[in-house]
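Participant: Take this sequence and fold it.
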Amino acid sequence: MRPLRIVLILAIAVYLVSVASALGVFARGGSGGTASAAEYQYDGRVTICHRTGKKKPLVETIVVDASSLNSHLAHGDKLGPC
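Facilitator: Model (predicted):
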């Protein structure tokens, strides 16, 4: 796939998750359930599991500005804590 196509697909996925989250699709009940993307967001910042590119630690939980989320997802980081 072309890099631009991958970025576009990731941007659409992030948008769809945010819309679904706003509609309460991922709402958690008292008996567990799926965590929503909004659960990891606060004040324009998002918690991600960041691939460090090092041998140790391979990944670490960091909080980044929401505007940089797409670039992090594009190189393999995941939404939410590690």
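Participant: Now the terminal residues of stretch 54-65, how far apart.
Facilitator: 22 Å (C-alpha to C-alpha, to the nearest Å).
Participant: Please spell out which residues along that stretch are buried.
Facilitator: Using 16 or more other C-beta atoms under 10 Å as the test for burial, stretch 54-65 gives 59, 62. C-betas here are computed from N, CA, C, even on glycine.
Participant: I would like the residues contacting it, please.
Facilitator: The contact list for stretch 54-65, computed with C-beta atoms under 8 Å, 6 or more residues apart in numbering, reads 44-52, 72, 81-82.
Participant: let's see it at 10 Å
Facilitator: 40-52, 71-72, 76-78, 80-82 (C-beta atoms under 10 Å, 6 or more residues apart in numbering).
Participant: Give me the subset of these that lies in strands.
Facilitator: Using DSSP state E, the members of the contacts of stretch 54-65 that fall in strands are 41-42, 45-51, 78.
Participant: could you flag which of those residues are buried?
Facilitator: Buried, going by 16+ other C-beta under 10 Å: 41, 45-51, out of those.
Participant: Go through those and name the one nearest residue 12.
Facilitator: residue 46 (17.2 Å; C-beta to C-beta).
Participant: before we move on, back to that, identify, from the ones in strands among the contacts of stretch 54-65, the entry nearest to residue 10.
Facilitator: Nearest to residue 10 out of those is residue 78 (C-beta to C-beta; 11.9 Å).
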